[in-house]
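Novice: sequence plus predicted model, see below.
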Amino acid sequence: FSAVFALLEDTWPEDVWYFLLDILRVHLSGPKFKWGVRLIHLGMHLTFSPDGIELGITANRRAKYMAYIDMFLARDPPYGAMSRSEAAELGGRLAWTSNALFGRCGRAYLVPILRRATNGQSWPRLNGRLRGALQWWRRWLSSPPDVLTRRVLAAPRVQELPPCITYSDASTDFGVGGVLLCPATREAWFFRDPRGEEPIDRLEVEAALVTEATFAGIASGRGYDEEITFVDNNVSLAWLTSGWAFREDVDPLLEELWLNLARRKALKWWERVSSASNLADLPSRGHPPVLPSAWSLTEIQAVVVPVPHGM
């Protein structure tokens, strides 16, 4: 649909939309439609209307996936177990669901499941990473129904906004800090939050999590749905982009961060920046950031996310 709207600039979007709907009515199976033009395929419902497309996981399929995961986690206590064929089926269904609903967010938690499906030498017993991945999917599937639904509007946005920009950083001298820049209006926000003595690499991940929780509502409320996030630590950057640190004190933070991104269907891109260019460096040391005078700067309270332990 987006490709058609982009190519046919001289055609009214409504005309193209109804034309595509007519094609769908002809080529898609009639008995599968309910409540208008509605297709159910592999546990996902796709509803077409003049306003746009709605994609979501059906309640029956969500309950079935959760029951499967509970069964795998309960086998061979306290480890859990899942065969290669079971991993292949579950991984394929979750891949289809996640691609439709939130794209790459959560793809990291598909990797252990798909590896089990293709590893001929693996034991049925779950390893720590596979068990953690199943628990992550279990938490996402238990989200409210609106979180498990994605809506794509038929009419293109009137004005494209550039991505908003966030910075996160941490220091052992003070704690964690973050900065949000909204380029369209030249508005900026920052937070600084003290912490106790913790390893710096864990603090860097915690700073990224607090930055996401603190600024997500501000950015989305102003129409930003794309974001570039800068960090200045190579180790934490690798952990943030992969979703795994293989450390018991860090992995719960990463799981919570990616769960939040998946729930709000965020389009977030991680990048490396030098410490000197990281605007969150000063807030992480307890001081306000330095910005050009044309920008408005507001300090806000950091949102601390309670992270479950023992996942």
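Specialist: The structure has been received and is ready for your questions. Note that the structure is a prediction, hence the values are computed from the model and not measured. Numbering: from 1, shown residues only.
Novice: can you give the domain ranges for this protein?
Specialist: As assigned by automatic domain parsing, the chain contains the domains 1-156, 164-299.
Novice: winner for burial among those domains?
Specialist: With neighbours taken as mean count of other C-beta atoms under 10 Å, the domains of the chain reach their highest mean count in domain 164-299, at a mean of 19. Every residue, glycine included, has its C-beta placed from N, CA and C.
Novice: can you give me the end-to-end span of it?
Specialist: 17 Å (C-alpha to C-alpha, to the nearest Å).
Novice: repeat for stretch 119-132
Specialist: 18 Å.
Novice: same question for stretch 178-188.
Specialist: 11 Å.
Novice: check what contacts it and list those residues.
Specialist: The contact list for stretch 178-188 (C-beta atoms under 8 Å, 6 or more residues apart in numbering) reads 161-162, 164-169, 189-191, 207, 210-211, 214-215, 218-219, 222, 224, 279-280, 283, 289, 291, 294-298, 302.
Novice: can we see that at 6 Å?
Specialist: 161-162, 164-168, 189-191, 211, 215, 222, 279-280, 289, 291, 294-297 (C-beta atoms under 6 Å, 6 or more residues apart in numbering).
Novice: in helices only, show me the residues you listed.
Specialist: Under the assignment DSSP state H, these contribute Thr211, Phe215 to helices.
Novice: which parts of the stretch 101-250 of the chain are strands?
Specialist: For the stretch 101-250 of the chain, the strands defined by DSSP state E, counting those that start in this stretch occupy 149-153, 164-170, 175-182, 187-194, 226-231.
Novice: so for the third one, what's the average pLDDT?
Specialist: Confidence over strand 175-182, taken as the mean pLDDT, stands at 96.
Novice: tilt between it and strand 187-194?
Specialist: 170 degrees (axes from the mean of the first three to the mean of the last three C-alpha atoms, to 10 degrees).
Novice: mind listing the strands strand 175-182 pairs with, and their directions?
Specialist: Strand 175-182 pairs in its sheet with strand 164-170 (antiparallel), strand 187-194 (antiparallel), by DSSP bridges.
Novice: out of those strands, nearest to Ala108?
Specialist: Nearest to Ala108, of all the strands paired with strand 175-182, is strand 164-170, at 18.8 Å by C-beta to C-beta.
Novice: just to revisit the earlier point, reformat the strands paired with strand 175-182 as JSON lines; add distance to Leu114 and mean pLDDT.
Specialist: Formatted as JSON lines, the strands paired with strand 175-182 follow (distance: least, C-beta to C-beta, whole Å; pLDDT from 0 to 100):
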{"stretch": "strand 164-170", "distance to Leu114": "30", "mean pLDDT": "96"}
{"stretch": "strand 187-194", "distance to Leu114": "37", "mean pLDDT": "97"}
